[in-house]
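Chemist: have a look at this fold, sequence not included:
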């Protein structure tokens, strides 16, 4: 995520269907805008290599239409939005968390300690990555908890902050997802999850210059590779990425490059929670931490509000000092997290 400010529509042909996509304008004063929107062509090699086929527009529409049934929602353990907001406040107070810095290392240990205190098995996976001659040390924080049934659901969020932005708090663009996952950890500590749950706090989601095989999405690529190498990728029923979910004016813009069945489950969960009007399909694809899991053949979706701005439809707070705690809402954190929890319960039960 870099300093690009605006969005502009485009078209993308996929499987004979013309789909709208979103491209980021490039700022004249900074590097390429970051991992959010994906255009066709070599500038986004991660998407070019995807083995997953994005759904056509008719398929996505059918997915959305079938995701709004009237069946009663199953009971869920309570999610405390106020507690999540306080956690976000404490996380921001730690200071900058740029990858490869002492601040990021302190943040990783802070997250691990919180997970252990909540009764989870948690560890820090330290690794080196990046271009030759420019490698950094990254640290994923991963935790797991056994559940009542088979299968695995992964909840993911990145904790690193974008470098090179003076006075940048990253309240929405990192702290909101971290806070939501830590509160989800407390939820599942009080009530057993429906299946095995893994919580993943990714380092290195932000690129330093421009997104590519050696810049950006370091933590999620690392965990996706580990899932395949260690043999548990085949048991993953859902990867739910939570990113930029605390905006007071919440509009969750689900990107089209998500697994269709999971898109359906998310919209169904939002309907059951009575917040369907806060969730919509984004006009294009998004390059975020869900992509490495899609590439590895795991079902994944990105819950992200990419209209984080001073007016509806704008994203002008993103990667600026305006990404501050006063923009966050306990209600927004609770809405997205409850939808994610309900989605996890649905996929775990095979619904």
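Modeler: Yep, that arrived. Only a predicted model underlies this, so the values are computations on that prediction, with no experimental measurement involved.
Chemist: quick one: residue 150 is in a helix?
Modeler: No: Residue 150 is assigned strand when assessed by DSSP: H, G, I helix; E, B strand; the rest coil, not a helix.
Chemist: for it, list the residues it contacts.
Modeler: With contacts defined as C-beta atoms under 8 Å, 6 or more residues apart in numbering, residue 150 is in contact with 195, 235. Backbone N, C-alpha and C define where each C-beta goes, glycine included.
Chemist: also the one 4 residues further on?
Modeler: Shown in contact with residue 154 (C-beta under 8 Å, 6+ apart): 197, 198, 199, 200, 223, 236, 238, 239, 240, 293, 298.
Chemist: please convert those residues to JSON lines, extending it with secondary structure, distance to residue 122 and pLDDT.
Modeler: Output for the contacts of residue 154, formatted as JSON lines (DSSP: H, G, I helix; E, B strand; the rest coil; distance: C-beta to C-beta, whole Å; pLDDT from 0 to 100):
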{"residue": "197", "secondary structure": "strand", "distance to residue 122": "12", "pLDDT": "97"}
{"residue": "198", "secondary structure": "strand", "distance to residue 122": "10", "pLDDT": "98"}
{"residue": "199", "secondary structure": "strand", "distance to residue 122": "8", "pLDDT": "98"}
{"residue": "200", "secondary structure": "strand", "distance to residue 122": "11", "pLDDT": "98"}
{"residue": "223", "secondary structure": "helix", "distance to residue 122": "14", "pLDDT": "98"}
{"residue": "236", "secondary structure": "strand", "distance to residue 122": "19", "pLDDT": "98"}
{"residue": "238", "secondary structure": "strand", "distance to residue 122": "21", "pLDDT": "98"}
{"residue": "239", "secondary structure": "strand", "distance to residue 122": "18", "pLDDT": "98"}
{"residue": "240", "secondary structure": "strand", "distance to residue 122": "18", "pLDDT": "98"}
{"residue": "293", "secondary structure": "helix", "distance to residue 122": "20", "pLDDT": "98"}
{"residue": "298", "secondary structure": "coil", "distance to residue 122": "21", "pLDDT": "98"}
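Chemist: which of the residues you listed lies closest to residue 276?
Modeler: Taking C-beta to C-beta as the measure, residue 240 is the one of the contacts of residue 154 closest to residue 276, at 17.6 Å.
Chemist: run through the bridge partners of that closest one.
Modeler: Counting by DSSP bridges, residue 240 forms beta bridges with residue 155, residue 301.
Chemist: burial count for it?
Modeler: 29 (other C-beta atoms under 10 Å).
Chemist: mind checking how far it is from residue 320?
Modeler: 27 Å (C-beta to C-beta, to the nearest Å).
Chemist: circling back to that earlier point, list just the nearest of the contacts of residue 154 to residue 87.
Modeler: Minimum distance to residue 87 across those is 13.5 Å, recorded for residue 199 (C-beta to C-beta).
Chemist: who's in contact with the closest residue to the closest one other than its chain neighbours?
Modeler: Closest residue to residue 199 apart from its sequence neighbours, by C-beta to C-beta, 6 or more residues apart in numbering: residue 143 at 4.5 Å. Counting by C-beta under 8 Å, 6+ apart, residue 143 makes contact with 115, 120, 121, 122, 123, 185, 198, 199.
Chemist: next up, the contacts around the first one.
Modeler: This means residue 115. Taking C-beta under 8 Å, 6+ apart as the test, what residue 115 contacts is 122, 141, 143, 182, 185, 199.
Chemist: narrow those to those in strands?
Modeler: Those of the contacts of residue 115 mapping onto strands are 122, 141, 143, 199, per DSSP state E.
Chemist: how about those in CSV, adding distance to residue 106?
Modeler: CSV is the format used below for the ones in strands among the contacts of residue 115 (distance: C-beta to C-beta, whole Å):
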residue, distance to residue 106
122, 16
141, 12
143, 18
199, 19
